[in-house]
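Asks: what's the 3D shape of this:
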Amino acid sequence: MSVTGTEGGNAGRREDTATGTASRGAPENGTLVDPHVKVLNERVVDRARARGLDALVYAPHFTRLPDIRARAARFSDDDLLVVPAREVFTGTWRNRQHVLGVGLSEPVPDFISLPGALAAFERQNAAVLVPHPEFLNVSLDREAITRHADAIDAVETHNFKTLPRGNRRARGLVRETGLPAFGSSYAHLAGSVGEVWTAFERELDSESDLVAALRTGAPRRVLRRDTLGHTLRGAAEFAHLGYENSWGKVDRLFLSGTEPTHPSHVAYEGRFDDVREY
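Replies: Numbers count the residues shown, from 1 in each chain. A predicted model of the protein is given here:
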């Protein structure tokens, strides 16, 4: 795969500086990745291609890995690689710490302890990413990142849904810890895909290539669009938070114990009983 030069992919772009892994100069051959999106359909694929992306990481909420893999495969082709992943909700709903696993071969449920999730990721040699650090009550904080730094492969320094001050704090965390960086749209809305992306210097042609690049700290830059449309879409994504963080929504849809990613679901065969929070 090569970095594309379409107007949609490059117009109004801006580098997110002080990421800890930034390199100067655009690579002649590389891979542009939006490494965390929540939606996947024809519109998303069209948007990704228009933005000049080579790959997406698809990690919807409350969906089991086999279903994620099947949908990712449906929309993946020679022009756009779609990599399946899981953003696991660790801890309780009121104090949850999200962690993103890329390259999982076996399902991992939500609402287990953070050490339990990290151990499951390590057993599968998955890449471990920290999305939106220190964001509200849904993220790993500075203490957790520092404590588990050896198990973390990258920290997000620009998230489309996060306010500027939050992204500045994230860049400070990367400088302090020396961990690699990444940036994503975290798109819950199709129009947000490709508003923020990570540009790897080398070609990544498969899920295993991306996992290896993340786990080894391969050189990359974090980039974002810098247009009025970018600002407006960001406001729409932030407004979407009200629904995403509704306790009533999760109480109705998840905590009955029968939902697909609940740790007591029959699909997990009791393997996570010792680290479950509900």
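Asks: what sits up against stretch 62-73?
Replies: The contact list for stretch 62-73 (Cβ atoms under 8 Å, 6 or more residues apart in numbering) reads 40, 58-60, 82-86, 104, 106-108, 110, 253-254, 259-261, 267. All C-beta atoms are positioned from the backbone trio N, CA, C, and that covers glycine.
Asks: Mind doing that once more with 10 Å?
Replies: By Cβ atoms under 10 Å, 6 or more residues apart in numbering, the residues outside stretch 62-73 that reach it are 38, 40-41, 56-60, 81-87, 89, 101, 104-110, 207, 250, 253-254, 259-262, 265, 267-268.
Asks: and these, which are buried?
Replies: When these are checked for burial by 16 or more other Cβ atoms under 10 Å, the buried set is 38, 40, 56-60, 81-87, 89, 101, 104, 107-110, 207, 250, 254, 259-262, 265, 268.
Asks: Surely V88 is in contact with I112?
Replies: Yes: between V88 and I112 there is a contact at 7.3 Å, judged by Cβ atoms under 10 Å.
Asks: so what sits against both of these two?
Replies: Common neighbours of V88 and I112, using Cβ under 10 Å, 6+ apart, are A120.
Asks: In strands, which of the buried ones among the contacts of stretch 62-73 fall?
Replies: Counting by DSSP state E, the buried ones among the contacts of stretch 62-73 place L56, V57, Y58, L81, V82, V83, P84, A85, R86, E87, F89, G101 in strands.
Asks: Relative to A181, which of those is nearest.
Replies: Closest approach between those and A181, by Cβ to Cβ: V57, at 15.1 Å.
Asks: Provide a list of residues in contact with that closest one.
Replies: Contacts for V57 (Cβ under 10 Å, 6+ apart) come out as 33-37, 72, 81-85, 87, 100, 102, 127, 129, 182, 184, 198, 207, 210, 214.
Asks: How about the host helix or strand of D46, which residues are buried there?
Replies: Assigned by DSSP states H and E, D46 belongs to helix 42-50. Residues of helix 42-50 classed as buried: V44, V45, R47, A48, R49 (neighbour count, 16+ other Cβ under 10 Å).
Asks: what packs against the helix or strand containing L223?
Replies: In the assignment (DSSP H and E), L223 maps to strand 220-225. Judged by 3 or more Cβ pairs under 10 Å, 6 or more residues apart in numbering; DSSP states H and E, the packing partners of strand 220-225 are helix 7-10, strand 13-15, strand 31-37, strand 154-159, helix 164-177, strand 181-184, strand 196-200, helix 228-239.
Asks: Put the alpha carbons of the helix holding D46 into CSV.
Replies: C-alpha atoms of helix 42-50 as CSV (Å, rounded to 0.1, in the frame of the first residue of the first chain):
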residue,chain,number,x,y,z
GLU,A,42,-20.6,1.4,2.5
ARG,A,43,-20.7,5.1,3.5
VAL,A,44,-17.7,4.6,5.9
VAL,A,45,-15.7,2.7,3.2
ASP,A,46,-16.4,5.5,0.6
ARG,A,47,-15.4,8.1,3.1
ALA,A,48,-12.2,6.3,4.0
ARG,A,49,-11.2,6.0,0.4
ALA,A,50,-12.0,9.7,-0.3
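Asks: so how far is it from its chain's centroid?
Replies: 18 Å (Cα atoms, centre = their mean, to the nearest Å).
Asks: Now R94. Nearest residue, chain neighbours left out?
Replies: The shortest distance from R94 to any non-neighbouring residue, by Cβ to Cβ, 6 or more residues apart in numbering, is to N137 (6.7 Å).
Asks: that's a strand at the one you found, yeah?
Replies: No: read with DSSP: H, G, I helix; E, B strand; the rest coil, N137 is coil and lies in no strand.
Asks: That one against F89, yeah?
Replies: No: here N137 does not reach F89: they are 11.2 Å apart, not a contact under Cβ under 10 Å.
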